[in-house]
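1. Got a predicted structure plus its sequence, pasted below:
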Amino acid sequence: MVNLKTAVGDLTLDKPGMVASGIMDETGASMVRMLECGAGAVVSKSVGLEPHEGHANPCFTEVRGGYVNAMGLPNPGIELFREEMAEAVPHGNIVGSIYGAGPDDFRSLAISMEEYGACAVELNLSCPHAKGYGMEVGTDPDMVKRIVMAVKSSVDIPVWAKLTPNTHILPTIGMAVQDAGGDAVVAINTLKAMVISPEFARPVLSNKFGGLSGPAVKPVGVRAVYDLSTVLDIPIIGVGGIMDWRDAVEYIMAGASAFQVGSGIGIDGPSIFEEINRDMECFMKEYGYKSIESMVGIAHE
Amino acid sequence: MSDVVRIKKIIDEAYDTKTFVFDWDAETKPGQFLMIWIPGVDEIPMSISGMRGREKSITVKNIGEATDAIHGLREGDPVRIRGPYGNGFDTSSSNILVIGGGVGTAAVMPLTETLGCDMIIAARSDRDVIMEERAKACSGNVMIATDDGSRGFHGNAVQLMREAVASKRYDRIAACGPEVMLFFTYKACEELDLECELSLERYMKCGAGVCGCCVMDDSRVCKDGPVFNKGQIAQLTEFGQSKRDACGRLVKFR
């Protein structure tokens, strides 16, 4: 019998695929819908201390191979997010994604997420288009260490750190998370990118630059997970351009214990989880893999 | 996908409303919409108000900064558009009554032109009635309603709809307009046991079903909609009641 069950540290997931932060996860009802569509967990929209509108439109555009977005972390703020969590948490695993400017912000947000019933917190150390947040704090190993330590000492739920590929020291950042007691790393966030309109001779996004996601980034993500898994002992969650079972298995074989899907939900629709689950099960049966665990990192051997 | 088109023709529909016509090869369905870029200002969703072969159009009522900038465009100017987005209307039956309220008329005009069906055009006043000639060119039964009675039926779209469906049995109502009009259209359809499809609107960012900022309950207006049928609308507790702002906060209508 083939089993899709997996675990990220102490957290057991019936299905290995989760909804990545920022997609269909701003409201309680949409998170419930994604759980019902076969996701093993939903990572919430990144939530900060105060309500935030994000960047002006245009903050999104399609490109060949995916999307470039600069949403700019729109969110209702941690206080109001209590209501969305209350609606979603009874239905399954909700991971609370949070962003802040430093250890104190992250600590206070994580405490709230734990109180709201999140099964884990995901620290957004990687958004490429929000000044003073995301990758601006997440590319400094010392800052990463301080943030993870502050959160770890304040909550009992698992603490995951979502990392950016926009650095040449990704393994060092991963080690900083592990050394600080982090429970898992999530890789990768979007690649810093830009789209220019020749007709208007200017960048299309109001923020000028944004982050590239979708099928185009998958090989970068797979490489990042492979690199991280050569140095880390803590679990890795793979994300970036997953469209089908084959992409998901690539991440798993590179070293990921679970995976997340973001842009694929926009491209294929919420049914993408059921399709991946079904097709991955067929592959595992055909090639004699009995569990997700038996595939994790085997591309290294 | 995104494309850059050139404005071929501009039509004055009313004192505050213009139609911008352009050639665009993409296949579109009545009820779908585009994201229109206004460089340095904004990017906003606009229903496709005309689709005759490769000739498409949008119709813009000047209500704010972004629409004012669009009104400043001239023939020959380039426009960057994304789309088409959304599901569109059901076109399987032509025995339907189309209702357009205000500039919402533009969003349902391609449906009337595709099916040649009966249509109600409702507006505040005579000077707000748009696209009557276009409707008459393809439909044998065009009814006008104005809130102030300055033209046609004196009353709102829903009152006129009740009269129209009393004298003729339609398979379905298809409507676009202000949410308050759509809300009472839905209520009337429930009461009269009539099917309906309504084109809804919410604040949008991506337009493509990714960001989730336009959700009503668990449905994305941009991708699962903007057209919802009666059964789907029955599940939308936010319809006619509340919307989400740019931060994702719930804002009640009253």
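-> Received the coordinates, thanks. All figures in this text were calculated on a predicted structure; none of them were measured in a lab. Numbering: from 1, shown residues only, chains lettered A, B, ... in the order given.
2. Distance of residue A:91 relative to residue A:35?
-> 5 Å (C-beta to C-beta, to the nearest Å). In short, each C-beta sits where N, CA and C put it, glycine included.
3. The two: who's more crowded?
-> Comparing residue A:91 with residue A:35 by other C-beta atoms under 10 Å in any protein chain shown, the one with more neighbours is residue A:35, at 20 against 15.
4. Return the distance of that one relative to residue B:220.
-> Here the criterion is C-beta to C-beta. By it, residue A:35 lies 16 Å from residue B:220.
5. Next: residue B:166.
-> Taking C-beta to C-beta, one finds residue B:166 at 36 Å from residue B:220.
6. and these two? which has more neighbours close in?
-> residue B:220 (28 against 9).
7. That one: what's it in contact with?
-> A:24, A:30, B:209, B:212, B:214 (C-beta atoms under 8 Å, 6 or more residues apart in numbering or on different chains).
8. Apart from its chain neighbours, what residue comes closest to residue A:194?
-> Distances taken as C-beta to C-beta, 6 or more residues apart in numbering or on different chains place residue A:209 nearest to residue A:194, at 4.7 Å, with adjacent residues excluded.
9. Likewise for residue B:186?
-> The nearest residue in space to residue B:186 (C-beta to C-beta, 6+ apart) is residue B:233, at 5.6 Å.
10. so what pLDDT did the one you found get?
-> We have a pLDDT of 97 for residue B:233.
11. Past the helix or strand hosting it, which element shows up next along the chain?
-> Residue B:233 is part of helix B:230-234 when elements are defined by DSSP states H and E. Per DSSP H and E, the first helix or strand lying C-terminal to helix B:230-234 is strand B:242-244.
12. hmm, that next one touching chain A?
-> Yes - if you take C-beta under 8 Å from any C-beta of the partner chain as the test, strand B:242-244 does meet chain A, through residue B:244.
13. Who are the packing partners of the helix holding residue B:233?
-> Here helix B:230-234 touches helix B:179-192, strand B:195-199, going by 3 or more C-beta pairs under 8 Å, 6 or more residues apart in numbering or on different chains; DSSP states H and E.
14. Need these in a markdown table (columns: mean pLDDT, mean neighbour count and distance to residue A:130).
-> Converted to a markdown table, those look like this (pLDDT from 0 to 100; neighbours: other C-beta atoms under 10 Å in any protein chain shown; distance: least, C-beta to C-beta, whole Å):
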| stretch | mean pLDDT | mean neighbour count | distance to residue A:130 |
| --- | --- | --- | --- |
| helix B:179-192 | 97 | 18 | 32 |
| strand B:195-199 | 98 | 24 | 34 |
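15. Between those, which one is closest to residue B:5.
-> If you check each of the helices and strands packed on helix B:230-234 against residue B:5 by C-beta to C-beta, strand B:195-199 wins as the nearest, at 22.7 Å.
16. Can you tell me how far the residue nearest to residue B:186 is from chain A?
-> Counting by C-beta to the nearest C-beta, to the nearest Å, the separation of residue B:233 from chain A is 15 Å.
17. ok so, going back, buried residues in the helix holding residue B:233?
-> Within helix B:230-234, the residues that count as buried by 16 or more other C-beta atoms under 10 Å in any protein chain shown are B:230, B:232, B:233.
18. Can you tell me how far the most centrally placed residue in chain B is from residue B:192?
-> Nearest to the mean C-alpha position of chain B, counting by C-alpha atoms, centre = their mean, stands residue B:107 at 3.0 Å. Going from residue B:107 to residue B:192 by C-beta to C-beta gives 23 Å.
19. Residue A:76 now?
-> Distance, residue A:76 to residue B:192, by C-beta to C-beta: 38 Å.
20. can you check residue B:63 too?
-> Here residue B:63 is placed at a distance of 32 Å from residue B:192 (C-beta to C-beta).
21. dump the residue contacts of residue 16.
-> If you meant another chain, say so; for now it's chain A. Residues in contact with residue A:16 (C-beta under 8 Å, 6+ apart) are A:4, A:6, A:40, A:248, A:252, A:257, A:258, A:259, A:280, A:292.
22. wait, I meant chain B there
-> So residue B:16 contacts B:61, B:62, B:63 (C-beta under 8 Å, 6+ apart).
23. let's see it at 10 Å
-> By C-beta atoms under 10 Å, 6 or more residues apart in numbering or on different chains, the residues touching residue B:16 are B:60, B:61, B:62, B:63, B:67, B:71, B:103, B:127, B:128, B:130.
24. how many other residues sit next to the last one?
-> Residues contacting residue B:130 under the criterion other C-beta under 10 Å number 27.
25. does it count as helix, strand or coil?
-> coil (DSSP: H, G, I helix; E, B strand; the rest coil).
26. Leaving out sequence neighbours, find the closest residue to it.
-> Counting by C-beta to C-beta, 6+ apart, the residue nearest residue B:130 is residue B:13, at 4.2 Å.
27. Name the strands paired with whichever helix or strand that neighbour is part of and say parallel or antiparallel.
-> Assigned by DSSP H and E, residue B:13 belongs to strand B:2-14. Using DSSP bridges, the strands paired with strand B:2-14 are strand B:17-23 (antiparallel), strand B:78-85 (antiparallel).
28. Tabulate those strands (CSV), appending mean neighbour count and mean pLDDT.
-> What follows is the strands paired with strand B:2-14, written out as CSV (neighbours: other C-beta atoms under 10 Å in any protein chain shown; pLDDT from 0 to 100):
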stretch, mean neighbour count, mean pLDDT
strand B:17-23, 20, 98
strand B:78-85, 21, 97
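29. Tell me which of those sits nearest to residue A:55.
-> Of all these, strand B:78-85 comes closest under C-beta to C-beta, at 16.4 Å.
30. The helix or strand following the closest one: partners in the sheet, and parallel or antiparallel?
-> Following strand B:78-85 in sequence order, the next helix or strand is strand B:96-101 (DSSP H and E). When sheet partners are counted by DSSP bridges, strand B:96-101 sits next to strand B:118-123 (parallel), strand B:172-176 (parallel).
31. Please identify the most buried of those.
-> When those are scored by mean count of other C-beta atoms under 10 Å in any protein chain shown, the highest mean neighbour count falls to strand B:118-123 (a mean of 28).
32. Does anything pack onto the helix or strand following that one? Which helices or strands?
-> Next along the chain after strand B:118-123, taking DSSP H and E as the criterion, comes helix B:132-138. Judged by 3 or more C-beta pairs under 10 Å, 6 or more residues apart in numbering or on different chains; DSSP states H and E, the packing partners of helix B:132-138 are strand B:2-14, helix B:105-115, strand B:118-123, strand B:142-146.
33. if we can go back for a sec, as JSON lines, the strands paired with strand B:2-14 with distance to residue A:190 would be great.
-> Formatted as JSON lines, these follow (distance: least, C-beta to C-beta, whole Å):
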{"stretch": "strand B:17-23", "distance to residue A:190": "32"}
{"stretch": "strand B:78-85", "distance to residue A:190": "19"}
